[in-house]
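Peer 1: Starting from these lines, generate the structure:
(one chain, ligands or ions: 2)
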Amino acid sequence: MVGTLQAGRAGSRAWGMRTLVRDLLRSSAPADVIHAAGWVRTRRDSKAFSFLEINDGSCLGNLQVIADTGIPGSADLQKMGTGASVAVEGRLVASQGGQQAWEVQASSIRLLGESPEDFPLQKKGHTAEFLRGIAHLRPRTNLYGAMFRVRSRMSQAVHRFFAERGFYHIHTPIITASDCEGAGEMFRVTTLDPTSGKSGSFADDFFRKAAHLTVSGQLEGETFACALGNIYTFGPTFRAENSNTSRHAAEFWMIEPEMAFCDLQGDMDLAEEMVKYLVREALDHQDGDLSVFEKFVDQGLRGRLEFVAENPFERVSYTDAVSILQGSGKSFEYPVEYGLNLQSEHERWLTEEYFKKPTTVFNYPKEIKPFYMRLNDDDRTVTAMDLLVPGIGEIVGGSQREERLDVLLANMERHGLALEDYGWYVDTRKYGSVPHAGFGMGFERLLMFVTGMQNIRDVIPFARTPGHCEF
Ligand code: 4AD
Ligand code: MG
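Peer 2: Ligands and ions are numbered 1, 2, ... in the order given. Take a look at the predicted model:
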């Protein structure tokens with residue numbers, strides 16, 4: 001377990017085992033007194049001493065502690081059951097047992113917080129569903145600890161990816177009066193009291209108009225791309241989609257880059273580069289945590305991720321994808337027909353069975369896509385692109401944007417968007433319009449891909465889905 005623990009040198013604050021043990025390994029004298037704190041995973045007693053496995057959440061590995069009967073604090077040993085929190089002082093010594101290289105020979109031990117018998121994580125092997133009901137405790141398990149460490153690492157890597165490429169980070173609003181996707185799946189934001197019995201009007205409402213939680217930061221992001229060049233947003237987005245699937249949440253995080261002077265090719269290139277970068281990040285820096293997913297969730301995980309990080313993706317037009325699906329001889333639940341949306345079963349078949357790799361589908365019929373996508377010369381399709389991955393389907397959706405003022409205005413009319421609401425957006429086309437493109441990557445979908453987790457509820461700390469807003 002050496003190299004995966006967290007501990008701090010003696011002091012008023014436990015620093016985290018991981019950092020300390022890394023330092024100790026570099027020095028060849030692991031003899032300092034260390035100060036460690038964590039939650040008890042297991043305890044075994046013998047007459048003269050107790051073995052405790054403690055974990056402080058900073059990494060997968062536990063720290064093994066030997067506490068002799070009689071050291072300060074040992075009177076409380078019987079209260080240090082699974083889930084209890086303890087602090088230990090002692091020396092790191094070479095371990096006699098085969099499981100770990102080092103263990104702490106405690107010179108003192110202190111009970112910080114007891115954990116009574118009804119602690120729900122006493123036993124192992126709980127179902128994902130049970131653990132969702134205790135989402136406030138599940139990060140203390142190996143699997144969910146790994147999950148949320150990977151989530152943190154991936155979030156930091158997203159910012160690094162863009163920083164390395166000169167993108168500016170823009171904070172777009174969470175409350176908005178625009179509907180980017182035009183799908184009518186917005187949560188209303190209001191200060192009117194639905195329980196008062198009076199039906200209020202917008203004149204009485206906080207913003208004096210209809211306001212919603214954003215479904216996408218794209219429209220606001222575009223205005224900044226049309227000023228700063230390459231930008232991205234990374235924030236929570238909300239959709240009142242009443243679909244109870246394993247891939248949809250009502251609150252999810254989206255990463256949305258937007259690039260000025262960029263076309264569809266450049267957009268697809270960036271999306272692929274980003275998926276590869278993030279997969280590589282997980283492989284190189286979260287190997288211990290990935291091993292947990294491999295053990296409990298998906299045996300072929302690391303092999304598949306290596307393949308994705310190292311090999312080119314596929315690209316296919318929507319029209320060709322439809323022909324391939326129609327010629328597949330497979331009977332799908334939903335029809336495959338030019339002009340219909342691809343369903344997740346179609347997307348998965350294309351990536352899992354046909355191409356056997358991540359695949360970007362581009363140039364979709366204009367009728368099934370939002371108003372802002374650029375019309376192609378064929379007058380039938382728009383420069384939309386969806387990046388699909390095996391096991392999930394769509395993880396990225398994007399497009400080149402319609403930069404021609406007259407075409408955009410015609411699209412808006414066709415989609416029933418009022419100019420007085422979107423005049424600010426139209427201004428970017430009126431004053432120095434430029435070709436530009438961007439996409440949205442669903443952060444949770446990416447995490448599902450990287451960890452192999454099958455349900456979006458298990459990659460979000462506190463998931464919000466229809467009928468569920470606990471915690
Ligand atoms: O394809 P979508 O709807 O695209 C947009 O919102 C564009 N405005 C993005 C852009 O061009 N800037 O959503 C983008 C991605 C999807 O590919 C999917 O990964 C994720 O967001 N997504 C969801 N993730 C979890 N739960 C949901 N309900 C999601 N809806 C979309
Ligand atoms: Mg989409």
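Peer 1: List the residues that contact residue 159.
Peer 2: Shown in contact with residue 159 (C-beta atoms under 8 Å, 6 or more residues apart in numbering): 169, 234. Any C-beta I mention is one placed from the backbone N, CA and C, and that applies to glycine too.
Peer 1: now do the one 10 residues further on
Peer 2: By C-beta under 8 Å, 6+ apart, the contact set of residue 169 is 159, 162, 231-234.
Peer 1: tell me the contacts of residue 245?
Peer 2: Each residue near residue 245 by C-beta under 8 Å, 6+ apart is listed here: residue 344.
Peer 1: Which element, helix or strand, includes it?
Peer 2: Residue 245 belongs to no helix or strand when assigned by DSSP states H and E.
Peer 1: Compute the distance between it and residue 466, please.
Peer 2: Going from residue 245 to residue 466 by C-beta to C-beta, to the nearest Å gives 10 Å.
Peer 1: Quick check: which ranges of the chain have low pLDDT?
Peer 2: Scanning the chain for pLDDT under 70 picks out the ranges 1-31, 97-100, 199.
Peer 1: let's see it at 50
Peer 2: Along the chain, the parts satisfying pLDDT under 50 run over 1-6, 8-12, 25-29.
Peer 1: the helices in this protein, which residues?
Peer 2: Secondary structure of the chain (DSSP state H): helices at 17-26, 128-133, 142-164, 218-228, 264-285, 287-296, 301-310, 318-326, 344-348, 405-414, 419-430, 443-451.
Peer 1: from the chain's centre, how far out does the second one sit?
Peer 2: Okay, so that is helix 128-133. Put simply, helix 128-133 sits 19 Å off its chain's centre (C-alpha atoms, centre = their mean, to the nearest Å).
Peer 1: now the shortest one
Peer 2: Mean-position distance between helix 344-348 and its chain equals 21 Å (C-alpha atoms, centre = their mean).
Peer 1: Ok, the third one next?
Peer 2: On the basis of C-alpha atoms, centre = their mean, helix 142-164 is displaced by 8 Å from the centre of the chain it belongs to.
Peer 1: May I see the buried residues of that helix?
Peer 2: For helix 142-164, the neighbour count (16 or more other C-beta atoms under 10 Å) marks 142-151, 153-154, 157-158, 161-162 as buried.
Peer 1: can you check the second one too?
Peer 2: By neighbour count with 16+ other C-beta under 10 Å, helix 128-133 contains the buried residues 131-132.
Peer 1: Just the CA atoms of it, as PDB, please.
Peer 2: The C-alpha coordinates for helix 128-133 follow below in PDB (Å, rounded to 0.1, in the frame of the first residue of the first chain):
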ATOM      1  CA  ALA A 128     -25.900   0.600  -6.100                       C
ATOM      2  CA  GLU A 129     -29.500   1.400  -5.400                       C
ATOM      3  CA  PHE A 130     -29.100   1.100  -1.600                       C
ATOM      4  CA  LEU A 131     -26.000   3.200  -1.700                       C
ATOM      5  CA  ARG A 132     -27.900   6.000  -3.600                       C
ATOM      6  CA  GLY A 133     -30.200   6.200  -0.700                       C
END
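Peer 1: Contacts only, for residue 229.
Peer 2: Applying C-beta under 8 Å, 6+ apart to residue 229 gives the contacts 168, 259-261.
Peer 1: Could you give me the buried positions within stretch 251-263?
Peer 2: By 16+ other C-beta under 10 Å, the buried positions in stretch 251-263 come out as 251-260, 262.
Peer 1: Please convert the residues you listed to CSV, extending it with distance to ligand 1.
Peer 2: Shown next, in CSV, are those (distance: C-beta to the nearest ligand atom, whole Å):
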residue, distance to ligand 1
251, 8
252, 4
253, 8
254, 5
255, 9
256, 4
257, 8
258, 7
259, 11
260, 14
262, 12
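Peer 1: Of these, which is the nearest to residue 191?
Peer 2: residue 251 (20.3 Å; C-beta to C-beta).
Peer 1: Okay, and the beta partners of that closest one?
Peer 2: In this entry, residue 251 is beta-bridged to residue 238, by DSSP bridges.
Peer 1: just checking, it touches residue 238?
Peer 2: Yes: taking C-beta atoms under 8 Å as the definition, residue 251 is a contact partner of residue 238 at 5.4 Å.
Peer 1: re the thing from before, of the contacts of residue 169, just say which sits nearest to ligand 1.
Peer 2: residue 233 (8.2 Å; C-beta to the nearest ligand atom).
Peer 1: can you pull the contacts of the closest one?
Peer 2: Taking C-beta under 8 Å, 6+ apart as the contact definition, residue 233 lies against 169-172, 217-218, 220-221, 254-256.
Peer 1: Find the nearest non-adjacent residue to it, please.
Peer 2: Closest residue to residue 233 apart from its sequence neighbours, by C-beta to C-beta, 6 or more residues apart in numbering: residue 217 at 3.9 Å.
Peer 1: That neighbour: neighbour count?
Peer 2: Residue 217 has 29 neighbouring residues, counting by other C-beta atoms under 10 Å.
Peer 1: give me phi/psi at it?
Peer 2: Residue 217 has phi and psi values of phi -90, psi 10 when expressed as degrees, to the nearest 10.
Peer 1: I'd like the distance from it to ligand 1, if you could.
Peer 2: 7 Å (C-beta to the nearest ligand atom, to the nearest Å).
Peer 1: next one: residue 150
Peer 2: When distance is defined by C-beta to the nearest ligand atom, residue 150 is 17 Å away from ligand 1.
Peer 1: do the same with residue 181
Peer 2: According to C-beta to the nearest ligand atom, residue 181 and ligand 1 sit 5 Å apart.
Peer 1: Can you name the residues of the stretch 201-350 of the chain that neighbour ligand 1?
Peer 2: Within reach of ligand 1 by C-beta under 6 Å from any ligand atom, the stretch 201-350 of the chain has these residues: 216, 218, 239, 241, 248-249, 252, 254, 256.
Peer 1: Just name the closest of these to residue 346, please.
Peer 2: For those, the closest approach to residue 346 (C-beta to C-beta) belongs to residue 248, at 16.9 Å.
Peer 1: ok, now which ones touch the closest one?
Peer 2: Counting by C-beta under 8 Å, 6+ apart, residue 248 touches 239, 241, 456, 465.
Peer 1: now the contacts of residue 169 in CSV, with distance to residue 414?
Peer 2: Shown next, in CSV, are the contacts of residue 169 (distance: C-beta to C-beta, whole Å):
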residue, distance to residue 414
159, 37
162, 34
231, 28
232, 29
233, 27
234, 31
